[in-house]
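Student: The amino acid sequence is not available; the structure is as follows:
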C-alpha cells in the first residue's frame, strides 16, 4: 500500500492547504503485529455494542455513521493530529492539492473541545480579518463547535466562494466577539521578497512543492536589487504552519553547505531516517536572521532548528509552536483514509521540539512603538550655542552665515505647532482623518492588528524592524557590506 507522509504541517486540519504537505514514502515491509485471542474477544465486544446501538438507540442510525464515528474516535484518542477521513473528506484533501478552493485560510486544530487557530495564511479572508494564532473558535454561525469533530467544524467553515459565515472568537484578555468572513478562492503565494535598506526580506508562508524554487528566485532578485551590496537575509517564518519535509530540507540546504538538517525516528529503530543538506549556501555566508513566533510550526521549525543548531542564523521573535511529529496518510479505498502519527523528528543536535517549541536566540515580542514628539526648540545641538563655530565644509550658506534650509525648517516647525483658533482665540485640536474631532476623553481609533496582518512593513512590524537593525549592526561589525554577484 502506498502511504503518504504528512509532515505535521496540517496541525490537525486545514481550511486552506493540507494535502500539499503529502510526500510519497516507501512501504514498510515489517510484519504486522500478531493478533491475540483477546483482540478477537474485544472485536466481538465491539460488534455486540454496534448491534445494540443500531437496534436500541432512540433515533435510527446507519452502520456507516457508527463505524466512521468509531474509527475517528479510535484515532483522535491517540493524539490531536491523527484522525479518520471518509471518502468525501479524503477527496476534499485531494482537491486542495490544486491550491484553489473556497475557504477561510486558517490552520486549525482541536483543543479542549474548541477549534484552536494555529495560524492564518497570508492574503486570505482570515488573515485580512485579523484572526490570530491561539484564537479559539467557539461558534460557527451561532452553532457551538463543542460536540463537533474537527472535520465537522472544517466542513462547516468551507463552502462556496462569496458566501458568508459568522465566526465567534475567544481571545485571551478579551470578551468573545464575532467576525463575519466571506469565503474566497484561496490561492497561496508561498514566497514573497523585497529589499529593505540593502537587507533581503524573504517571507515563506507555507512549504509546498514550489517553495524552494520560489526561494531561489527570490534570493536572485534581492541580490540583483542590492546591486552587489546585499548585507544579509531576513527569513520570515512567522505564522508558517509547515508543509513538505523535502521542501524544508531543500530550503535549509539553500543556506547550508553540508550537515544534517533533520532526522525522523519511528516506532521501530530501523525506520530512523536522516536528511542531510545538499547543494550550497546561496548567499555565500552572509548574515541571516530568522523570524519565528507561536504560529511557526512543523516544517518551519525544522528549518529554524537546523539553521540555529548549525549557528548559521540568529533566531529572533517568540517561541515556536512545538509540533515535532510526522503524520502519514494511508488510503483505504473505496472508504477513505486515515491520518496517523508515525514518527517524531529531531533537530541536528538531537533535540526534540515536541510540546516545547524552539526558543529564539533573541526574544522580541511583537510591539507597537511610537516616536515621542520633541519640540524643535528643545533639540540640543552645538549649532544652537551662542557664538558656536561654523562648519566650513557645508554649502548653501547665507551671507550672514545662517543656513537657509535650517531657517525654512524652523518656519515649517512653527506652522506645525500653531493651531487654528476659534472665534474666541482658543487653539483647536487636530481633526481626525474624517475631519471630525474625537469625543471628549475618546482616543483616536487605531487598528491594533496592523502588526499581525502586515508582516513585511518595518514601520509597523516591530520584530522585522529589530531584525533589520540587527542585520545592519552585523554588517557594520564586519566592516563593510559584503559584495555579492
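Tutor: Received the coordinates, thanks. These numbers come from a predicted model, not from an experiment. Numbers count the residues shown, from 1 in each chain.

Student: Show me what residue 343 is bridged to.
Tutor: On the basis of DSSP bridges, residue 343 is bridged to residue 266, residue 326.

Student: Quick one: the helices in the stretch 351-485 of the chain, in order.
Tutor: Listed in chain order, the helices of the stretch 351-485 of the chain (DSSP state H, counting those that start in this stretch) span residues 404-417, 450-453, 462-478.

Student: moving C-terminal of the helix ranked longest in the chain, what's the next helix or strand?
Tutor: As assigned by DSSP state H, the longest helix anywhere in the chain is helix 37-56. Going down the chain from helix 37-56, the next helix or strand is helix 63-76, by DSSP states H and E.

Student: average model confidence for the helix or strand following that following helix?
Tutor: Using DSSP H and E, the next helix or strand after helix 63-76 towards the C-terminus is strand 83-86. Here strand 83-86 scores 94 as its mean pLDDT.

Student: Run through who's touching strand 83-86.
Tutor: Strand 83-86 has contacts (Cβ atoms under 8 Å, 6 or more residues apart in numbering) with 12-13, 68, 71-72, 74-76, 93, 149-151, 335-339. Placement of C-beta: from N, CA and C, glycine included.

Student: and those residues, which are buried?
Tutor: Neighbour-count burial within these applies to 12-13, 68, 71-72, 75-76, 93, 149-151, 335-339; the criterion is 16 or more other Cβ atoms under 10 Å.

Student: how about these, which pair is most distant?
Tutor: 12 and 335 (21.1 Å; Cβ to Cβ).

Student: So in terms of bridging, what pairs with residue 169?
Tutor: If you apply DSSP bridges, the partners that residue 169 bridges to are residue 137, residue 177.

Student: Can you report how many residues lie near residue 351?
Tutor: 13 (other Cβ atoms under 10 Å).

Student: what number of residues lie near the residue nearest to it when sequence neighbours are not counted?
Tutor: Excluding its sequence neighbours, the residue lying closest to residue 351 (Cβ to Cβ, 6 or more residues apart in numbering) is residue 305, at 7.5 Å. Neighbourhood size, residue 305 [other Cβ under 10 Å]: 28.

Student: need the next SSE after the helix or strand that contains residue 305, C-terminal direction.
Tutor: Assigned by DSSP H and E, residue 305 belongs to helix 299-309. Using DSSP H and E, the helix or strand that directly follows helix 299-309 along the chain is strand 314-317.

Student: Can you give the contact residues for that following strand?
Tutor: Strand 314-317 has contacts (Cβ under 8 Å, 6+ apart) with 238, 287-293, 296, 304, 307-308, 358-364, 463, 466-467, 470.

Student: Run a quick check on residue 117 versus residue 132, I expect a contact.
Tutor: Yes: counting by Cβ atoms under 8 Å, residue 117 touches residue 132, with 6.9 Å between them.

Student: distance between the ends of stretch 203-212?
Tutor: With Cα to Cα, to the nearest Å as the measure, the first residue of stretch 203-212 is 12 Å from its last.

Student: OK, contacts around residue 119?
Tutor: By Cβ under 8 Å, 6+ apart, the contact set of residue 119 is 106-107, 133, 239-241, 295, 297.

Student: hmm, I was thinking of residue 125
Tutor: Applying Cβ under 8 Å, 6+ apart, the residues contacting residue 125 are 104-105, 181-184.

Student: My guess is residue 66 contacts residue 50. True?
Tutor: Yes: applying Cβ under 8 Å, one finds residue 66 in contact with residue 50, separated by 5.8 Å.

Student: ok, residues contacting the longest helix of the chain?
Tutor: Against helix 37-56 from outside (Cβ under 8 Å, 6+ apart): 61, 63, 66-67, 70.

Student: how about low-confidence regions in the stretch 1-150 of the chain?
Tutor: Residues of the stretch 1-150 of the chain meeting the criterion pLDDT under 70: 1-33, 94-100.

Student: and if we set it to 80?
Tutor: 1-34, 92-102, 122 (pLDDT under 80).

Student: Next: the stretch 151-300 of the chain.
Tutor: In the stretch 151-300 of the chain, residues with pLDDT under 80: 186-189.

Student: Do a quick rundown of the helices in it.
Tutor: Here the stretch 151-300 of the chain has its helices, by DSSP H, counting those that start in this stretch, at 211-226, 245-253, 299-309.

Student: Put together a markdown table for these, with distance to residue 328 on each row.
Tutor: Below are these laid out as a markdown table (distance: least, Cβ to Cβ, whole Å):
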| stretch | distance to residue 328 |
| --- | --- |
| helix 211-226 | 21 |
| helix 245-253 | 11 |
| helix 299-309 | 15 |
